[in-house]
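Student: Sharing a sequence plus its predicted fold:
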Amino acid sequence: MRRIGVFICWCGANIAGTVDIEKVVEESKKIPGVAYAGEYRYMCSEIGQDMIRDTIIEQNLDRVVVAACSPRMHEPTFRRAAESAGLNPYLVQMANIREHCSWVHKDEEEATRKAVALVRTAVAKASRSVELFSQEIPVERRALVLGGGIAGIQAALDIADAGYEVDLVEKSPTIGGRMAQLDKTFPTLDCSACILTPKMVDASSHPNINLFTWSEVEQVEGYVGNFTVTIRKKARFVDEEKCTGCGDCFEKCPSKVDSEFDEGLVQRKAIYVPFPQAVPNVPVIDKENCRWFVKEKCRVCEKVCEAEAVDLEQEDELLEKRYGAVVVATGFDVLGLEEFGEFNYGKHPDIITSLEFERLVNASGPTGGKLLRPSNQEPPRNVVFVQCVGSRDKSRGKPYCSKICCMYTAKHTVLLKEKYPQSQAYVFYIDVRTGGKDFEEFHRRAVEENDAIYLRGQVGKVFPEGDKLLVEGVDSLSGKTVQIEADMVVLAAAMVPRTDAPEIARLLTLGTDAHSFFTEAHPKLRPVETHSAGVFLAGACQGPKDIPEAVAQASGSASKALGILSKETLLSDPCVSKVDESLCTGCLMCIDVCPYHAITEKTIEEKVHGEVVKRVVAEVNEAVCQGCGACSVACRPGAMNVKGFSNEQILAEVDAVCL
Amino acid sequence: MKNLQDTIREIAAQSLARGEVELVIGWEKGDLWWQSYPAFIEEEKEADRLIWDPLCVPNLSRYLLQELSEMDEKKIALFVKGCDALAFNQLLQDNRTVRERVVLYGIPCDGLVDPSKLEREGLDRDLQEVERDGEELVLKAAAGEEKRVPAKDYLYDKCLTCRYPNPVAYDQMLGETVPVEPEERFTGVRKLEELDYEDRFSYWAEQFSRCIRCFACRNVCPACSCIKCVFDLQEPRWLGKATEPSENAFYHIIRAYHVAGRCVDCGECSRVCPVDIPLQELNRKIILDINELYGEYDAGVDPEQEAPLITYKTDDPAAFTES
Amino acid sequence: MSVAREEHNFEPLIVAFCCNWCSYAGGDLAGTSRMSYPPNARVIRVPCSSRVSPNFILRAFQRGADGVLVAGCHPGDCHYITGNYHARRRLSILRRFLGFMGVEPERFEVHWISASEGGKFAEVMTEMPEKIRALGPNRKLRDAR
Amino acid sequence: MRYSYYPGCTLKTSAAVLEESALNAAKALGIELVEQEEWQCCGAVFPLATDEIASFLSSVRSLDAARSAGEKLVTICAACHHVIKRANHVIQSDGEVRDKVNNYLELDNYYSGQGEAIHYLEMLRDDLGFDKLAEQVKEPLTGRKIAAYYGCLLLRPAKVMQFDDAEDPSIMEDYLSALGATPVEYPYRTECCGVYLSVNNEEIAAGMVKKIINSARRSGAEAIVNACPLCHYNLLELQDKTPQGEPVLPVYYFTELLEEALGVKREVEEKTR
Amino acid sequence: MKVTIESLRSDILKDIADISGENVAECYQCGKCTAACPVNQAMDILPHQVLRLLQLGLVDEVMNSKTIWICASCFTCAGRCPRDVDLANVMEAVRVLLLRERGASRIKAEDMPEILRKGMPEQGIVSGFRKYAK
């Protein structure tokens, strides 16, 4: 007979508020094999864990069931507690009586009944549990960082500084990302370029960092410690070794298109360097817009290049690289405003997004930092800023708060005042959110010292009236509707993930939320990890963030990646498949369904009726197997089983759950 | 017909004499008029035991399972009808036989006689031999009397729907290929699908209630080739031993599911069932659905083709919203 | 039988196999979001929908389940890359086959529920018992002993 | 092209010119609009209170009749279109209402929203095509600067009406372009004219109308077109008048210009407009 | 003004929620409805204030306002609300409750001759009666 201990957690009132703990204890004691049942207010606390450890020893328990929160939350905690009592951690099972019970059911009697059933099921599983042991797997001690914005740069530098090689892959022609587009940073008003550019240079000159700009990840295989990644290095059509960065090519190039870097406020050439401080400072030819590639006429760039660096015959290169860990830092985009016709964005040049404003005030921007109205190149006098355009809008936009708009808008009012002391800023806001160091002080400075007028309310309509823009809004604090004749209207459009985020998620098997932001492994306690072991998140690809947060998360990701790279081997999760060779018929269908190529065939010899015969059976590489169990269902004779989710355990659970 | 039987004997004798194989598996006459047994011939002189007539129904491929492992590295000659050849290919796909160690002699088959159909009309009285002559059967009685009846009326149902009467795998084909004119094979399935859920359940409950768990269906099936059947395991105990209705249903559902995408539709399960459960309909239902959802697939035709339930397409349809 | 089994006050028992990465997490999210749904379903956590053997499903019916649910990641989003593609084929065939056996298809459902779809999880947990309540208790495939 | 046609009360009385011009133009375009045999007043306003089901009944009857005839249901009056389209949406999305309405109406076949309600303009845009329309224009309105007035009922709520981008529509401008006219865009083209406020709050409605009319005039419009009898009344009656008592900006139904451009204009007595 | 638990949970608030199908708690007072409203200048309380008063259970102030009779059901507010609150439905619910319970029709039969004299189209007369009378 087993000696199973059942530990039931109140989780304060979270469980005890809906589930009759006493009753669950009482019922648990009646389950065959249960030698002990007890409860405590917070099982995951130190006292709770000690209680588990001590009870295992005192009661001589051989299996443990903890009825508490989701195993996705605290299974590791309780496994450790059991281990400290000398019990194999895989002899612990959890019953999820919080997320799947007390939090979703209102009726105490029903919830209690279900809690008892869940405990009974966990006991059944525990009684079929066996000791499991991890294996050692070797680690490829190099890292991949996806995305060359400030988060990616920081992560790459941290990993490289620790002595490990990093490949930094960036989709666009240069690293730098969104931060390179910004003018000043809140709340200190540091010049963005002044603090970013040195980091870009560091990244490009670091002996441990290999830069792959104008490159994309095409395929990812493998698992933590052993990823194999295919990188497409797109043809740049300019030889990076030969190019001197003289700029003659883009001087002479006849094709013009909207500049991505300048948010379409000005045009660039088909052969271009996005901005003067780009790293690498080597131009790239944009095939879609180059006359040679579109019409097979031109080749002017080739002719003017004295270094003979232009190579129109260059082709994409596919590189296969191996890594132990991956940091994803793919950044954000700005929500398209097609749904918000009342603002007339796109219909009048003086109605712009905040990112465009950023370019307009930037010394390296299209007006050399002079901040002029795009319509007539005159300084603006009245500038209206509208917050929450598409943020906090579940109807036409995104339900979440984009987090940084309140602060950058305050910054914009200050910058406006600095440029034109006679000007006036008006900010329509719903709430001003200034949670951050020196944020509230900065916002007050905008209001008190820079005369920004904050109007609590939204804008109903923006439309051109003569050479002005008429803004109709409301100030709910005074209870009045407000009309402002503006020279410029700046819309704080919501922050959204990059459009290719779902594709990246697919490649790396990451989870995403409903808006395609990547999901962290735990919202509080594992904020940089993902559910894909060895893949970590940094920056706004995971959710709206400001620069210091993105950088902090990048360093967090780097340290998590280093945690893997610093080891020669990793311990594998023992919950993987295994073959019972005596049952294996050798049909090898398991090989066909295995997504990780973890199964191979081998020939064994065995005695049948006194004669030695050879036959083929399947063999699992436990380091490669991830434990999905697809093979176990393809296996008719039941030879393939999944440790920790074995046929015996699941059948026992089914039987118990139906009792 | 006699010609083919002579050829069979001749070939068997020759290959043993030349040492090409050490064992020939064919059919021999059983104790009763309708019986034919598998014959295992190791000596040239015994080749004359072999027969070929419309009663040679046993599927010989399955005997390879035991013979191959016992005669390590030795070669075996095997006579295969159309359905036997499909079975052979399925065993090959399941790694349960070795192509190089088997010499296949293909026998085009124009259908086998269902003794019960003769019995039903009293045609079995004093019957000793049955021969096929064109579209007719020649029934020979002990007294030397001969009676001729239209062959089609007395063939197994499964033979009437046979789509591969000519072996798809052979080293040498014996005899002329026969025309392929199968009747629609899913008629039975479709008829059952006309019933509502309650009637379907009652139908099958009644059928399964007769099951005595003799495992004949499993033992004859070329797709049921596991060394140890999952239902014979003690731990985990997937299925009880009692012939309880739910356990019977469980057994037959899972057996059908285990051969899903692998069943060659030879119909042997239905034939050998001592209580006449129409087991082939179960397998055919699955074949029909696989064809409909994931593309036409005939198990046993091409052992290189991936079986439908171990592969997928990213845009596969699902049947989760149907009611 | 912990759920009321009497005909007049029938509360269906549903066995739900949920993949650890998406659907189980979606269930967790329904919990953390304090959504509310009836307690008819009991979840058995499996690594992937491809781990769910037809044997488990039949066993559940045999032991008295009135309905069985399998929930996994959306096709294309499988944590194990391709598991749910296999599950989609296997379980589609099984679902039709159970129908052929006379088991109403409503009693065996498969849903794709991502970790972010707490709402969908709660919805499925609410709707499935309703459908099965209308069908009444399951006696088919059930071990009568 | 053949459609079931729902006229509505006003088109049979004070807005007869809207119906006559629309039918006349349709004929010229080879479009058959078959007036439904039994139609009842749509109720003029969509019942926003969720418990007022009776008001759906006439809409559902017409939708069901069109469905049975296998035809789309075309309306010309913006208000009727609004009510019928929204009623259909409620039937499609709310099972409880659907059952109640069906129980009450006892139709031959259960109606679950299979009918399709479209506005005359949608018929021209989506079924005929404005490019095809342009080909049939005999007397293009070249050089005429016309402002389109959308009002509320065709556009909003956008998720239900799905007529055009509710904040930045273009169907009427595209229509005017097809007729050869120069459409004039102005900020207030989607703003409300005051609707029934003119019944007993005329002053407020007048303020709204003046904003619209003056905005259109400032943008250079010589005339304004609309698709709704009540908008038409408000725009015409509540705008400023010249010293001679003439409206400062002429107001037309959109179909009047269509007749003209197709070269089938009839002589109309001024007072029926 | 006095906010009490009774007024926050009054039956009339429930009626408004039922008839309108809207949950006023979803409003976070951004004022978009007011900014969008074409008749806001004629209102005594602004559209967003209607929702605020209802959130605080101050139904009488809404019921006694001019605003609810000035709302033209143009749906501009509903289309732009970031919280998907359909204020036009809420306004209607308040009107309907008043018209049903107090029979306080805003248009009377004796007004008809004047309305007809103006040449008001049938659509206007019907909608006026539907909105202002029961």
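Tutor: Looks like it arrived, so ask away.
Student: mind listing what residue 231 touches?
Tutor: No chain in the question, so chain A it is. A:167, A:169, A:212, A:215-218, A:318-321 (Cβ atoms under 8 Å, 6 or more residues apart in numbering or on different chains). C-beta coordinates here come from the backbone N, C-alpha and C atoms, glycine included.
Student: Correction: the question concerned chain D.
Tutor: So D:Cys231 contacts D:78, D:149, D:151, D:193, D:195 (Cβ under 8 Å, 6+ apart).
Student: Closest to chain B out of those?
Tutor: Nearest to chain B among those is D:Ala78, at 38.6 Å by Cβ to the nearest Cβ.
Student: count of neighbours near that closest one?
Tutor: For D:Ala78, the neighbour count with other Cβ atoms under 10 Å in any protein chain shown is 27.
Student: rewinding a little: reformat the contacts of D:Cys231 as TSV; add distance to chain B and secondary structure.
Tutor: Below are the contacts of D:Cys231 laid out as TSV (distance: Cβ to the nearest Cβ, whole Å; DSSP: H, G, I helix; E, B strand; the rest coil):
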residue	distance to chain B	secondary structure
D:Ala78	39	helix
D:Tyr149	46	coil
D:Gly151	41	coil
D:Cys193	47	coil
D:Val195	44	coil
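Student: can you tell me which two in the residues you listed are farthest apart?
Tutor: Using Cβ to Cβ, the two most remote members of the contacts of D:Cys231 are D:Tyr149 and D:Val195, lying 12.9 Å apart.
Student: picking that back up, can you flag the buried ones in the contacts of A:Ile231?
Tutor: A:167, A:169, A:212, A:215-217, A:321 (16 or more other Cβ atoms under 10 Å in any protein chain shown).
Student: Domains in the chain, by residue range?
Tutor: Defaulting to chain A. A:4-126, A:142-234+A:316-331+A:498-565, A:248-304, A:334-496, A:577-643 (automatic domain parsing).
Student: was after chain E, sorry
Tutor: Chain E resolves into domains spanning E:5-103, E:106-134 when parsed by automatic domain parsing.
Student: in the shortest one, what counts as buried?
Tutor: Looking back up the chat, that one is domain E:106-134. Under 16+ other Cβ under 10 Å, the buried positions of domain E:106-134 are E:106-107, E:111, E:115, E:120-132.
Student: Look at it and report the distance between its end residues.
Tutor: 9 Å (Cα to Cα, to the nearest Å).
Student: Please see if it touches chain D.
Tutor: Yes - where contact is defined by Cβ under 8 Å from any Cβ of the partner chain, part of domain E:106-134 touches chain D, namely E:106-107, E:111, E:115, E:118-128, E:130-132.
Student: re the thing from before, chain E next: which of the contacts of D:Cys231 are close?
Tutor: Restricting the contacts of D:Cys231 to those near chain E by Cβ under 8 Å from any Cβ leaves D:Val195.
Student: Distance to C:Leu135 and pLDDT for the contacts of D:Cys231 - can I get that in TSV?
Tutor: As requested, these are arranged in TSV below (distance: Cβ to Cβ, whole Å; pLDDT from 0 to 100):
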residue	distance to C:Leu135	pLDDT
D:Ala78	47	95
D:Tyr149	56	97
D:Gly151	51	94
D:Cys193	55	93
D:Val195	50	89
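Student: about what we covered before: please convert the domains of chain A to a markdown table, extending it with mean pLDDT.
Tutor: Formatted as a markdown table, those follow (pLDDT from 0 to 100):
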| stretch | mean pLDDT |
| --- | --- |
| domain A:4-126 | 96 |
| domain A:142-234+A:316-331+A:498-565 | 95 |
| domain A:248-304 | 95 |
| domain A:334-496 | 96 |
| domain A:577-643 | 91 |
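Student: Let me know which of those is the nearest to E:Gln41.
Tutor: domain A:334-496 (6.8 Å).
Student: hmm, the closest one in reach of chain C?
Tutor: No - on the criterion Cβ under 8 Å from any Cβ, domain A:334-496 is out of touch with chain C, staying 12.5 Å away.
Student: Regarding that domain, how distant is the last residue from the first?
Tutor: Start-to-end, domain A:334-496 (Cα to Cα) is 6 Å.
Student: Which helix or strand in chain E has the lowest average pLDDT?
Tutor: The helix or strand of chain E with the poorest confidence is helix E:112-117; it has a mean of 79 (mean pLDDT, DSSP states H and E).
Student: Pairing partners for the helix or strand where A:Val489 lies, with directions?
Tutor: If you go by DSSP states H and E, A:Val489 is part of strand A:488-493. Strand A:488-493 has the following strand partners under DSSP bridges: strand A:351-353 (parallel), strand A:382-389 (parallel).
Student: what's next to whatever helix or strand comes next after it, contact-wise?
Tutor: Beyond strand A:488-493 on the C-terminal side, the first helix or strand identified by DSSP H and E is strand A:495-497. By Cβ under 8 Å, 6+ apart, the list of residues contacting strand A:495-497 from outside reads A:330, A:332-335, A:391, A:398, A:402-404, A:512, A:515-518, A:540-541, A:544.
Student: Could you tell me which of those are located in strands?
Tutor: Using DSSP state E, A:332-334 are the members of the contacts of strand A:495-497 that sit in strands.
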